[in-house]
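> return atomic coordinates for the entry below.
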Amino acid sequence: MSCMREVKNILVTGGAGFIGSSFIRYLLTLPEFEGNIVNYDLLTYAANTDNIKSVSSCKRYFFIQGDICSQNLVEDLLLDYKIDSIVHFAAETHVDRSIANPSSFFDANIRGTYSLLEALRKMPHIHFHHISTDEVYGSLGEKGFFYENSPYRPSSPYAASKAASDHLVKAYGHTYGLRTTLSHSCNNYGPYQYPEKFIPLLILNALQRKTLPIYGMGRNVRQWIFVEDHSKAVWTILKRGRLGETYDIGGGEEKSNIELLQLLLKIISEEASIEHSLLFSLIKYVKDRPGHDFRYAIDGDKLQKELGWRSEVVLEEGLRKTVRWYLKHANKLFAYR
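So this is what the prediction gives:
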């Protein structure tokens, strides 16, 4: 049975990134949250202070630039700001980058999580929520779903590094009695996402009439969730999730990559007044990446039945919101990338 957890002062790691910044923006507009948020971010390539510009003047928001591997600094922050909860978003996440340079993923995702957990051994009253991915489960066939108790079969260095961090969180909770929860999410999309990721890359390329690359024949299948829905799920777990439990956050909408691209191009054509046939002529099938998982799909029934959360934004609606945001900010993003 779930319980209501009091949350006053939250340390958010990686809060200048795509999902972390969404969580911060959501929380600071939520009437029921009256506490403080400390955003602790190293500001690496995928982070952007523009992501949290809208809340930067809030008196309950504090930004500290720093590395999660700097355990002494983390411990000082936990004490100085009277932190009672940590939400750990900070991670290297791009699969292609992990294939090209695995070491940075092991440093950030494994060593960084270890450093945070070591700090918490000295302050075990603090609740730690760990953000993870459905990719730790590996690849599915055409049918079936992943569940919270599914075996781990990571295929990429990125997924392996997240799987290792998951195991650390669970082991520290079990061995040292730390207060932990953990969540796996399906693919996120929405405003503010870094331009190298699949959906923003396609949107920005389409607006510039550039090639739209798609791996293999575009048959790989993913499940998609609007980023604000993910933020709401994390808040629900942070407030009411059972200690030591894992919750899978599934949006419920699956598309092959080519199906998603076709829907996206339809929306771009309508929103940007670009000829549909022109956009389709830009599609280019490229050599598949090594070890490309065929399908991910997670079952979110536990989160829905136990805590009452369900996704609210349907895929086409969320994609339209996303396209409109990128249209509004396109000129700046063209220069940024």
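> name the element Arg25 belongs to?
Assigned by DSSP states H and E, Arg25 belongs to helix 18-27.
> what are the contacting residues of that helix?
If you take Cβ atoms under 8 Å, 6 or more residues apart in numbering as the criterion, helix 18-27 is touched by 10, 12-15, 33, 37, 39, 41, 46, 48, 51-52, 54-55, 61, 87, 89-90, 131, 188, 190, 192-194, 197, 227-228, 230-232, 234-235. (Glycine included, C-beta is placed from N, CA and C.)
> let's see that with 7 Å instead.
Helix 18-27 has contacts (Cβ atoms under 7 Å, 6 or more residues apart in numbering) with 12, 14-15, 33, 37, 39, 51-52, 54-55, 87, 89, 188, 190, 192-194, 227-228, 230-232, 234-235.
> buried members of those into ChimeraX, please.
ChimeraX command restricting the contacts of helix 18-27 to the buried ones, with burial defined by 16 or more other Cβ atoms under 10 Å:
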select :12,14,15,33,37,39,51,52,55,87,89,188,190,192,193,194,227,228,230,231,232,234,235
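> so which of the contacts of helix 18-27 are in strands?
The members of the contacts of helix 18-27 that map onto strands under DSSP state E are Val12, Ile37, Asn39, Val87, Asn188.
> wait, the first one sits on Gly35?
No: in this structure, Val12 is not within contact of Gly35 by Cβ atoms under 7 Å, at 11.8 Å.
> low-confidence ranges in the stretch 51-200 of the chain?
Applying pLDDT under 70 to the stretch 51-200 of the chain flags no residue at all.
> which residue ranges of it form helices?
Secondary structure of the stretch 51-200 of the chain, counting by DSSP state H, counting those that start in this stretch: helices at 71-80, 95-100, 102-105, 112-121, 157-176, 198-207.
> list the buried residues in the second one.
In other words, helix 95-100. Val95, Arg97, Ser98.
> quick check, nearest of the residues you listed to Met217?
Taking Cβ to Cβ as the measure, Val95 is the one of these closest to Met217, at 18.4 Å.
> what's the neighbour count on Asp248?
Neighbour count of Asp248, defined by other Cβ atoms under 10 Å: 25.
> show the pLDDT at it.
Per-residue confidence (pLDDT) for Asp248: 98.
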